[in-house]
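>>> Generate coordinates for the sequence data below:
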Amino acid sequence: MCLLFCKFGKQSDSVQSAIIKRHQELSRPVNSTPSPTDDPEQPLSKPSAEPRRLTPEERQLFQNPDELHGKQFVLSHDSDGSGMYEIIGYHRKRDKSVQYEVLFDDCEDPMLLDGGEVMKMLEDSLYIPNPS
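Numbers count the residues shown, from 1 in each chain. Next comes the predicted model:
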């Protein structure tokens, strides 16, 4: 079980409650088909680039799930409860909303978070750019 309270306990109330709510929803058994992005993931590794704030252009670009997929971030970078996470997949629901598969560094299994939750997390995160 992911220890969200320890790792992410110092989040804003809205982000923390969204993560906890999704964790509780996902801990219940659900019949679903695996998404095409499911594949065994390696644990998140130490960043090879220096984490930094998102630029306005990146904020706009990351509204597109294709651009956000595979990106890594540091949540709550300025607190003891900080941790890395990666957007490892996404899928669109019938209502055209997007759900993201987010892998946190202290969790074995990814969590499904809706697009609004992920966008809110990005506000309090640093981006780890891919080394070029």
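>>> secondary structure class for residue 101?
Of the three states, residue 101 takes strand under DSSP: H, G, I helix; E, B strand; the rest coil.
>>> isn't it right next to residue 87, touching?
Yes - between residue 101 and residue 87 there is a contact at 7.3 Å, judged by Cβ atoms under 8 Å. C-betas here are computed from N, CA, C, even on glycine.
>>> which one of these two has more residues nearby?
More crowded of residue 101 and residue 87, by other Cβ atoms under 10 Å: residue 87, with 24 against 20.
>>> Show the contacting residues for the more buried one.
Taking Cβ atoms under 8 Å, 6 or more residues apart in numbering, we find residue 87 in contact with 68, 69, 70, 71, 100, 101, 102, 118.
>>> mind checking which helix or strand it is in?
Residue 87 belongs to strand 83-92 when assigned by DSSP states H and E.
>>> now residue 53: how far from residue 123?
Distance, residue 53 to residue 123, by Cβ to Cβ, to the nearest Å: 10 Å.
>>> which one of the contacts of residue 87 is nearest residue 110?
When the contacts of residue 87 are ranked by distance to residue 110 (Cβ to Cβ), residue 101 comes first, at 4.3 Å.
>>> With adjacent residues omitted, what lies nearest to that closest one?
Computed as Cβ to Cβ, 6 or more residues apart in numbering, the closest residue to residue 101 that is not its neighbour in sequence is residue 89, at 3.8 Å.
>>> I figured the one you found hits residue 66, correct?
No - using Cβ under 8 Å as the test, residue 89 is too far from residue 66 to be in contact (11.3 Å).
>>> In the protein, what residue spans correspond to strands?
72-75, 83-92, 98-104, 111-114, 125-128 (DSSP state E).
>>> Just the buried positions in the longest one, please.
Under the neighbour-count criterion of 16 or more other Cβ atoms under 10 Å, strand 83-92 has 83, 84, 85, 86, 87, 88, 89, 90 buried.
>>> which residues touch the third one?
Counting by Cβ under 8 Å, 6+ apart, residue 85 makes contact with 44, 72, 73, 75, 102, 103, 104, 105, 121, 125.
>>> Dig out what it forms beta bridges with.
Beta-bridge pairing of residue 85 under DSSP bridges involves residue 73, residue 104.
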